[in-house]
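Participant: could you work out the structure for the sequence below:
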Amino acid sequence: MKKTVKHFEEMSARELAEATREFEEPFSFEKGRRMSAAERAEERKLRRGPGRPKVGCGARKISVSLEGDILKRADAMAKKRGMKRSELIARFVMAGLRIKSA
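Facilitator: Have a look, this model is predicted:
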């Protein structure tokens, strides 16, 4: 039969001391073990966070110089359309590539 455990706020001082006794001892690294390669990969993935979803071959960061006025107008257009600057620029590049290939 499974033992039911009270919530900590409902325990008496004696019950609480008994329930938390294991945390009184300092952690010993000797009791632990090394992570497996799969566990390390999973930890790296979790630390990295969700990130940006991969679209196509994946995104690459580049440095592009634009005149200040052009950049302001592009930002205003992106905001008006509810998109990010990089998405707007990517769409313009794709449209330019379609025109060139036609």
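Participant: any idea how far Cys57 lies from Ala76?
Facilitator: To Ala76, Cys57 is 30 Å away according to CB to CB, to the nearest Å. Yep, even glycine has a C-beta here, placed from its N, CA and C like the rest.
Participant: what of Ser65?
Facilitator: Ser65 is 19 Å from Ala76, by CB to CB.
Participant: looking at these two, which one has more neighbours?
Facilitator: Neighbour totals were compared for Ser65 and Ala76, and Ala76 leads with 10 against 5 (other CB atoms under 10 Å).
Participant: quick one: that one from Leu88, how far?
Facilitator: 10 Å.
Participant: could you do Glu10 as well?
Facilitator: With distances taken as CB to CB, Glu10 is found 56 Å from Leu88.
Participant: tell me which of these two has more neighbours.
Facilitator: More neighbours surround Leu88 than the other of Glu10 and Leu88, with 17 against 9 (other CB under 10 Å).
Participant: so where does the more buried one fall, helix or strand?
Facilitator: Using DSSP states H and E, Leu88 maps to helix 85-101.
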